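S.K.: Could you work out the structure for the sequence below:
(2 chains, ligands or ions: 2)
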Amino acid sequence: MAQAKVAPIRSDLDIVIARTLARDTAKTLGFGAIDQARIATAVSELARNVFLYAGTGTVTVREIERAGRKGIEIICEDQGPGIADVELVMQDGYSTSRGMGMGLPGAKRLMDEFDIKSVEGQGTLIQCRKWRT
Amino acid sequence: MNTYSSTAMHTAPECVVYYADTCAVFLRYHRTVSAWTNWLWLPIISSYGVILTSSRAERTLGPGLVSGDEEVSLESLRIPILKIGDVLIASIQVALHDASAVQFKDDLLQKIYDTKARGLIVDLTAVDVVDSFIGRLISDIASMAGLMGTKVVITGLQPAVAITLVELGLELTGVMTALNLEKGLAMLRRQAGEGADGTG
Ligand SMILES: Nc1ncnc2c1ncn2[C@@H]1O[C@H](COP(=O)(O)OP(=O)(O)O)[C@@H](O)[C@H]1O
Ligand SMILES: [Mg+2]
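M.R.: Ligands and ions are numbered 1, 2, ... in the order given. Next up, the predicted model:
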């Protein structure tokens, strides 16, 4: 299995790099055009959150396999301020930055599995997966 | 837009993947990025100006960092806005990062004001990701231009982008769309005709 690739996030340019990495990996894994767009868009949202709310962090993209099924895993990690109420931020339209508030709930809809762990004052870890059909 | 699958992995501190299609963005906006990115891309700019080809980048940066047969040519620092009659046309051909997207919006509104254009077409044929940030920007462009009396039509939305937008939860309500540039122009003309004979 291919090695995980890490895209550091430190500027808004890195958001473009991270989503391009995710898209290219998805394409290599045989995901179709629509899934590639879903994955790239989800990564764009998550990477932007890292940049906006934590300043810096990383996006890791890797190939995964479960019961003979191939997929892609995206891990977004930051040591930013963390999220006090995870349930609240997962609601459509909730934003503390006058954003659209669609990034997290939207990314969850675009991926198959979505897991968010956050500790206030320590950071946020989001792990999401999409499986090839 | 030319795309490349070539990547190069480095170990820290340059631990990042570079893509030829995004290196266009680096070149364009090298002054606004972090000092770290500046350091890497500045030599290409000073050696070759704003025109970079993948083969040149490869020579400059060493083999493996950028590769590919096609050439990427960068003509200008900003997205060109063309004027045809009283319609402005802007076609996004690069991966927009946040700062460049905001710049694009400002440029568009200024150009509308300067030219008194009646219509604006933003062609997204080459855009493969529209996230909530860009989605909001498109809505903003449409409503701001609308306040200035200019109709905006978004053209060329790829099927995958349209599907993703709806799943993301953005439907660009209130934004006129057309399948392609030709249909977009026809749409604006029709509206102008309706307005002119007082039946619209
Ligand atoms: N990595 C993160 N660190 C801290 N807070 C975050 C992070 N990601 C998201 N948030 C919080 O969750 C809220 C909702 O995020 P999101 O759904 O992407 O909408 P938006 O970014 O438009 O506000 C943000 O406004 C922010 O308060
Ligand atoms: Mg967000």
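
S.K.: Show me the strands in chain A, by range?
M.R.: Using DSSP state E, the strands found in chain A span residues A:5-9, A:57-66, A:69-78, A:113-119, A:123-131.

S.K.: The fourth one pairs with which strands, and in what direction?
M.R.: Right, the one you point to is strand A:113-119. Strands that pair with strand A:113-119, judged by DSSP bridges, come out as strand A:123-131 (antiparallel).

S.K.: wait, does the partner strand contact ligand 1?
M.R.: Yes - against ligand 1, strand A:123-131 shows contacts by Cβ under 6 Å from any ligand atom at A:Thr124. All C-beta spots, glycine's among them, are computed from the backbone N, C-alpha and C.

S.K.: and that strand with strand A:57-66, angle?
M.R.: Using axes from the mean of the first three to the mean of the last three Cα atoms, to 10 degrees, one finds that strand A:123-131 and strand A:57-66 are set 30 degrees apart in direction.

S.K.: In PDB, please show the C-alpha coordinates belonging to stretch A:47-54.
M.R.: Taking C-alpha atoms only, stretch A:47-54 is exported to PDB below (Å, rounded to 0.1, in the frame of the first residue of the first chain):
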ATOM      1  CA  ALA A  47      -7.900  22.400   5.500                       C
ATOM      2  CA  ARG A  48      -9.400  25.900   5.500                       C
ATOM      3  CA  ASN A  49     -10.700  25.400   9.000                       C
ATOM      4  CA  VAL A  50      -7.200  24.400  10.100                       C
ATOM      5  CA  PHE A  51      -5.800  27.500   8.500                       C
ATOM      6  CA  LEU A  52      -8.600  29.800   9.800                       C
ATOM      7  CA  TYR A  53      -9.100  28.600  13.300                       C
ATOM      8  CA  ALA A  54      -5.800  26.900  14.300                       C
END
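
S.K.: what comes up buried for it?
M.R.: Applying a neighbour-count criterion of 16 or more other Cβ atoms under 10 Å in any protein chain shown, one finds A:Ala47, A:Arg48, A:Asn49, A:Val50, A:Phe51, A:Leu52, A:Tyr53, A:Ala54 buried in stretch A:47-54.

S.K.: any residues touching that stretch, and which ones?
M.R.: Contact partners of stretch A:47-54, identified using Cβ atoms under 8 Å, 6 or more residues apart in numbering or on different chains, comprise A:7, A:9-12, A:14-15, A:18-19, A:56-59, A:76-81, A:97, A:99, A:103-104, A:123-124, B:98, B:131, B:133.

S.K.: repeat for stretch A:75-92
M.R.: With contacts defined as Cβ under 8 Å, 6+ apart, stretch A:75-92 is touched by A:9, A:43, A:46-47, A:49-50, A:53-60, A:62, A:94, A:101-102, A:104-105, A:108, A:116, A:118-127, B:169.

S.K.: switch the cut-off to 6 Å
M.R.: A:46, A:50, A:53-54, A:57-60, A:94, A:104-105, A:116, A:118-127, B:169 (Cβ atoms under 6 Å, 6 or more residues apart in numbering or on different chains).

S.K.: Return the alpha-carbon coordinates of it using CSV.
M.R.: Taking C-alpha atoms only, stretch A:75-92 is exported to CSV below (Å, rounded to 0.1, in the frame of the first residue of the first chain):
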residue,chain,number,x,y,z
ILE,A,75,-6.7,13.1,8.6
CYS,A,76,-6.7,16.8,9.6
GLU,A,77,-4.8,17.6,12.7
ASP,A,78,-4.1,20.9,14.5
GLN,A,79,-3.0,22.1,17.8
GLY,A,80,-5.3,25.1,17.7
PRO,A,81,-8.0,26.3,20.2
GLY,A,82,-10.1,23.2,19.8
ILE,A,83,-13.9,23.0,19.8
ALA,A,84,-16.0,23.3,22.9
ASP,A,85,-19.2,21.9,21.6
VAL,A,86,-18.6,19.4,18.7
GLU,A,87,-22.3,18.8,18.2
LEU,A,88,-23.0,22.5,17.8
VAL,A,89,-20.3,23.0,15.1
MET,A,90,-21.7,20.0,13.1
GLN,A,91,-24.9,21.8,12.6
ASP,A,92,-25.6,23.5,9.2
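
S.K.: For ligand 2, what is the nearest residue in chain B?
M.R.: Residue of chain B nearest ligand 2, by Cβ to the ion: B:Ser132 (6.5 Å).

S.K.: what does chain A give?
M.R.: Relative to ligand 2, the nearest point of chain A is A:Gly103 (2.7 Å; Cβ to the ion).

S.K.: Just the buried positions in the helix or strand bottoming out on mean pLDDT in chain A, please.
M.R.: The weakest-scoring helix or strand in chain A, judged by mean pLDDT, DSSP states H and E, is helix A:12-28 (a mean of 92). Neighbour counts using 16+ other Cβ under 10 Å place A:12-27 of helix A:12-28 among the buried residues.
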